[in-house]
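Asker: 3D, please:
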Amino acid sequence: MMKEDYDIFGDVMVFDTTYRTNKYNLICAPFVGINHHWKNVMFGCAFLSDEKVESFQWLFEVFKKSMGGKCPVSFFTYQDQAISNAIEKVFPETRHRLCLWHLHQNAVNYKLENHPWFNRLYGLKEKWCTALSKDLFSAGILSSQRSESSNHAIGFSAKKNTSLTDFFGIFKEMLKNWRNKEQKDEFQCSRSIPESALPLTGMLKHASEVYTLTLFRDFEAEFLKSISSSSTLILVEDRMMVYNVSSHDNDGLSHRVIFDCLSNLITCSCKKFEECGFLCYHCLRVLHINSIVSIPESYIKKRWTKFAKSEIWDKFNSTVGRSEKFRDCIPWR
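Answerer: Residues are numbered from 1 along each chain as shown. Have a look, this model is predicted:
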């Protein structure tokens, strides 16, 4: 199940080694992701005896091999040079990013102007600065308050005198709880229609049909902003239309939106879709004034939809079907 979850949600991964949860003082190193309900999902867990580059490199290579060679798009960790070096060697195409929650915890002291840690941190600004990390998908972890919940997610109830055997039982119970929550979320999505302050028509209705309830709330927030925003058409060239879109409550800050009226392809300078996986209010504004009543298929990221696990469901149903056929062939006595 962890491998199947990684196939679907492994584009973003959080790695945290701040746990010492057993009497052997081993380092617990879980690999955690974010599912389509914006809940934590476990990809794997390891124990390390030290935090050397060689140890992390070995661990990442084993994890990568066990997951069929697939690499995450964004890999979140706390600030550690050994981890950073290992990621560069094993996941060279992956964007390494630093967890803002951990950085905030380390920055509670004052007078940082000439502090070595602060200077090193500034040199790594492309790994944590939200303005410099919008070109690749990160599920919006850096740009939201969810970073604390996703990066301090495990909450193991184990203690320092817990044996590995006992820890394994605790770990399994935690996974069971996470999966039960996901099943409840799936059931709720399949049985309920989201409530909205606006009539469920047009793109908002389409969003309620395809997105999970959690992602629908995010989309709805963008949709509400699009209503209160203003747009100006500044250029028309063949099929391309260029707009400036601004929000009245954002000090007049505007973003440039380019819309292809034939293919319904659209891009925005804020790059919210590239970073978070759903359209920004700037794009929604332009689509609306061009009478587009449904979200273009190119901008519906399956990992955020109710059908994110459809391939697993099909696999399960086909397996159950084969087993039932096999059972019918058994000469029962």
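
Asker: can you map out the helices along the protein?
Answerer: 2-9, 53-66, 81-90, 100-106, 116-123, 147-151, 164-191, 202-210, 213-227, 272-276, 281-289, 310-329 (DSSP state H).

Asker: Figure out which of those helices is closest to residue 39.
Answerer: Across the helices of the chain, residue 39 has its closest neighbour in helix 164-191 (6.1 Å, C-beta to C-beta). Placement of C-beta: from N, CA and C, glycine included.

Asker: between the closest one and helix 213-227, how big is the angle?
Answerer: Using axes from the mean of the first three to the mean of the last three C-alpha atoms, to 10 degrees, the direction of helix 164-191 lies 50 degrees away from that of helix 213-227.

Asker: So the residue nearest in space to the middle of the chain versus residue 38, what's the distance?
Answerer: Geometric centre of the chain, nearest residue: residue 139, 3.3 Å, by C-alpha atoms, centre = their mean. Applying C-beta to C-beta, to the nearest Å, the value for residue 139 to residue 38 is 8 Å.

Asker: Mutual contacts of the two, please.
Answerer: With contacts defined as C-beta atoms under 8 Å, 6 or more residues apart in numbering, no residue is adjacent to both residue 139 and residue 38.

Asker: Below-threshold pLDDT in the stretch 151-300 of the chain: ranges please.
Answerer: Along the stretch 151-300 of the chain, segments meeting pLDDT under 70 span 151-160, 250-252.

Asker: re the thing from before, among the helices of the chain, pick out the one with the most neighbours on average.
Answerer: Neighbour counts (mean count of other C-beta atoms under 10 Å) averaged over each of the helices of the chain peak at helix 281-289, with a mean of 24.

Asker: residues in contact with that helix?
Answerer: Counting by C-beta under 8 Å, 6+ apart, 202-203, 222-226, 229, 231, 241, 243, 245, 247, 255, 257, 259, 264, 266-268, 270, 273, 279, 296, 299 sit against helix 281-289.

Asker: Let me see the domain layout of this protein.
Answerer: For the chain, automatic domain parsing gives the domain ranges 2-187, 202-304.

Asker: Adding distance to residue 195, write those out as CSV.
Answerer: Formatted as CSV, these follow (distance: least, C-beta to C-beta, whole Å):
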stretch, distance to residue 195
domain 2-187, 16
domain 202-304, 10
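
Asker: of all the helices of the chain, which lies closest to residue 47?
Answerer: Set against residue 47 and scored by C-beta to C-beta, the helices of the chain come closest in helix 164-191, at 7.5 Å.

Asker: can you give me the angle the closest one makes with helix 2-9?
Answerer: Using the same axes, to 10 degrees: helix 164-191 against helix 2-9 is 40 degrees.

Asker: other SSEs contacting helix 164-191?
Answerer: Applying 3 or more C-beta pairs under 8 Å, 6 or more residues apart in numbering; DSSP states H and E, we find helix 164-191 packed against strand 40-48, helix 213-227.

Asker: Turn the ones you listed into CSV, columns for distance to residue 207.
Answerer: Converted to CSV, those look like this (distance: least, C-beta to C-beta, whole Å):
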stretch, distance to residue 207
strand 40-48, 23
helix 213-227, 5
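
Asker: Just tell me which of the ones you listed ends up closest to residue 183.
Answerer: Closest among the helices and strands packed on helix 164-191, using C-beta to C-beta: strand 40-48, at 12.5 Å.

Asker: List the buried residues for that closest one?
Answerer: Buried residues in strand 40-48, counting neighbours by 16 or more other C-beta atoms under 10 Å, are found at 40-46.
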